[in-house]
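K.L.:
next input, structure requested:
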Amino acid sequence: MIAAAFSAMLVVATTVRATYVNEWDKPFEFRCPEGQVIMYISSVHENFYDDRRWEFICRTVGYTHNCVSSGYVNEYDKPLTYTCPGNGVIAGVESINDNYYEDRRFKFTCCDVSLRVPVECSTTDYINNFDGKMTLLVPEGQAVKSIYSWHDNYYEDRRWKVQLCQV
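P.N.:
Predicted coordinates for the structure are as follows:
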């Protein structure tokens, strides 16, 4: 019985393992499967490339619909402020890198979750330091509604905050 429970936990652990969605200085496009939204964001910075590698994990929330993708929401070296329209929450991220600016531009995909409305929202503190690892684990029952960052040319990196809402 204990062996069966351990095997089940091992299968679950291996199916939700995050992997990087990009190589250094390369574009990426990540989208959660239908019925899921982003529940984990992790990123590491490398000074040699002045870039970040990104990983995401999604969580099932029910039926998602009305998914819309933004255009690029920031310019290189400029702040990024994006809030999903309507009742949407973030279910995808796309990014390109420019080595001249040593920065990235971002697009986001937002989806409504059927029969759920984002409420009781609050903004996190910064979830990373310049040149440091970023890790965000979205609590059960919540989703990312808004995302904010600003770029520093000395570090050639961004600091990030997110707005989490109950869904």
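
K.L.:
from here on, just use CA atoms for contacts and neighbour counts.
P.N.:
OK.

K.L.:
show me what contacts the residue most central in space within the chain?
P.N.:
In the chain, the C-alpha nearest the mean C-alpha coordinate belongs to I41, at 4.6 Å (C-alpha atoms, centre = their mean). By C-alpha atoms under 8 Å, 6 or more residues apart in numbering, I41 lies in contact with 54-57, 134-137.

K.L.:
all the helices of this protein, residue numbers only.
P.N.:
Per DSSP state H, the chain carries helices over the ranges 2-15.

K.L.:
break down it into its strands, ranges please.
P.N.:
Here the chain has its strands, by DSSP state E, at 28-31, 36-46, 51-60, 64-69, 80-83, 89-98, 103-113, 119-123, 134-137, 142-152, 157-166.

K.L.:
who's S149 bridged to?
P.N.:
Applying DSSP bridges to S149 gives these bridge partners: L80, W160.

K.L.:
show me what contacts it?
P.N.:
79-81, 158-161.

K.L.:
same thing with R105?
P.N.:
Contacts here follow C-alpha under 8 Å, 6+ apart; on that basis R105 touches 72-76, 95-97.

K.L.:
as CSV, those residues with pLDDT and neighbour count would be great.
P.N.:
As requested, those are arranged in CSV below (pLDDT from 0 to 100; neighbours: other C-alpha atoms under 10 Å):
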residue, pLDDT, neighbour count
Y72, 98, 15
V73, 98, 14
N74, 98, 17
E75, 98, 12
Y76, 98, 17
S95, 98, 16
I96, 98, 15
N97, 98, 19
